[in-house]
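Student: test case, fold it:
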Amino acid sequence: MASNQTVFFIIGILLVVLGIFMLVPYGIQLIYNENSSSFFSSSVITIFIGVLTIFANLTKEKQLKLRQAFLFSSLAWISIAFFGSIPFILSSLKLSFSEAFFESMSGITTTGSTVILDLDSSPKSILLWRAIMQWLGGIGIIVMATTVLPLLKVGGMQLFKISSNDKAEKILPKSKEISLRLILVYSFLTFVCAVFYNFFGMNFH
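Tutor: The predicted model follows:
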């Protein structure tokens, strides 16, 4: 039971993070006077459910076994895509649940497909949310690969595990440090790409 609690505990954390990122498009709604508070409402709902999930699954022993890891992977994708679809449902695009869920799942899995017919005339907050979903999906896969898989001894990723011998030289940094460095690199590349897009004619608006 403790392992299952750990699964939902981590999912709760992911939902809180997702809800916080929803506040970024909400800021865009305020800046461009978009007549909607869909992202603020979505953020409140997502963070509230995330916090409840965290407190409902507090446990001293946080451990993921192989079976629970597969459960976590499946539930994480589904739950993030589900809550990520709320802004699409509440937006002025009037998307159905299936369309909104497809759009959200497409973003978080970095597929890139869309059911929105006219992206150019879509609200800027929605366009930003699509980009954020793909950004989170891309970096999420990398971070999960360097933090979760070493614990499961899957494939060559077990090389990231540190030897239990304190006297052994730690040639490779800890997986947490690797994740932090990847996030910094990912953020830097995002900034560079934005600069080049602007240089070749795309404005920041």
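Student: mind telling me what element the residue most central in space within the chain is part of?
Tutor: Closest residue to the average C-alpha location of the chain: Leu136 at 3.9 Å, with CA atoms, centre = their mean. In the assignment (DSSP states H and E), Leu136 maps to helix 124-147.
Student: next, Asn4: secondary structure please.
Tutor: helix (DSSP: H, G, I helix; E, B strand; the rest coil).
Student: go through whichever strand or helix holds Leu18 and flag the buried ones.
Tutor: For Leu18, the element it lies in under DSSP H and E is helix 2-21. Under the neighbour-count criterion of 16 or more other CB atoms under 10 Å, helix 2-21 has 3-12, 14-16, 18-19, 21 buried. All C-beta atoms are positioned from the backbone trio N, CA, C, and that covers glycine.
Student: min pLDDT across these, which one?
Tutor: Looking at these by pLDDT, the weakest one is Ser3, with 64.
Student: next up, phi/psi of Leu95, please.
Tutor: The phi and psi values for Leu95, taken as degrees, to the nearest 10, are phi -80, psi 150.
Student: the nearest residue to it once chain neighbours are set aside: how many residues sit nearby?
Tutor: Spatially, and ignoring its direct neighbours in sequence, Leu95 is nearest to Phe88 (5.0 Å; CB to CB, 6 or more residues apart in numbering). Using other CB atoms under 10 Å, Phe88 has 27 other residues around it.
Student: show residues contacting the helix or strand hosting Phe88.
Tutor: Element membership for Phe88, per DSSP H and E: helix 86-90. Helix 86-90 is contacted from outside by 22, 25, 36, 38-39, 41-42, 45-46, 95, 97, 99-100, 103-104, 125-126, 129, using CB atoms under 8 Å, 6 or more residues apart in numbering.
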